[in-house]
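[1] My questions are about this predicted structure, shown below with the sequence.
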Amino acid sequence: MYDGANGWEKAQAHEAALRYGLPLFVLTSDGLTQTPVDTELATARAVAWKEEQERRMLAGFDVVRMDTPKLPTITQDEGTVCILSGKGTEKTTRAAEYVRANADKSVLYVAPRVELVEDAARKYGLESYQNVKAQDRLREVGEPSAFFSQTRLAICLPSLLYLLEKERRVGAF
């Protein structure tokens with residue numbers, strides 16, 4: 001349900017209704033009325049939200065966008081390499097090539113889900129954050145986290161954000 005006067009709420013409500021297959025109701029001065037889901041509005045809202053999240057995540061980085069069906073080999077020697085590309089564009093293949101070719105460099109592989117992180121850790125020879133977390137449970141009180149000593153780590157984005165926020169609040173833990 002949304003208030004008919006608020007355009008942002010309207011788009012958000014249509015997106016949620018489309019995503020979850022729910023009926024949609026609008027509240028107007030005439031009362032509560034069921035309304036058809038506007039799939040075009042819902043899709044536009046979802047795309048805008050994703051673009052905003054991407055913009056925030058990449059703020060401060062040099063970003064090179066490529067409109068190609070397959071990503072080229074990554075040749076960057078220094079700095080941060082961030083791969084954002086659609087399904088089927090060989091992100092995993094290119095990342096694996098880069099990690100193997102730069103065995104002497106630090107790598108922080110970030111993926112949205114734990115399953116992808118575990119898979120990448122195995123494929124690329126990286127330490128999995130899940131393993132580091134298990135090691136941390138066994139450490140002595142006052143001993144620093146093994147997380148901050150890793151030079152080649154695979155971690156999911158929610159865990160990384162949690163750890164960074166935790167360090168900001170309490171210092172190195």
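    That came through, no problem.

[2] switch to C-alpha atoms for all contacts and neighbour counts from now on
    OK.

[3] in this protein, what spans have low per-residue confidence?
    Applying pLDDT under 70 to the chain picks out residues 1-9, 57-58, 60-69, 71-72, 75-79, 85, 167-173.

[4] May I see the buried residues of stretch 105-114?
    107-111, 114 (16 or more other C-alpha atoms under 10 Å).

[5] same question, stretch 37-46
    Residues of stretch 37-46 classed as buried by neighbour count (16+ other C-alpha under 10 Å): 37-38, 41-43, 45-46.

[6] ditto for stretch 150-164
    For stretch 150-164, by 16+ other C-alpha under 10 Å, it's 150, 152-157, 159, 163.

[7] first to last residue in it, what's the distance?
    Terminal residues of stretch 150-164 are spaced 14 Å apart (C-alpha to C-alpha, to the nearest Å).

[8] Show the residue spans covered by the helices in this structure.
    Ranges of helices in the chain, per DSSP state H, are 7-20, 39-57, 91-101, 114-124, 129-137, 157-170.

[9] Centroid-nearest residue for this protein?
    By C-alpha atoms, centre = their mean, the chain has its centre lying nearest to Pro112, at 4.4 Å.
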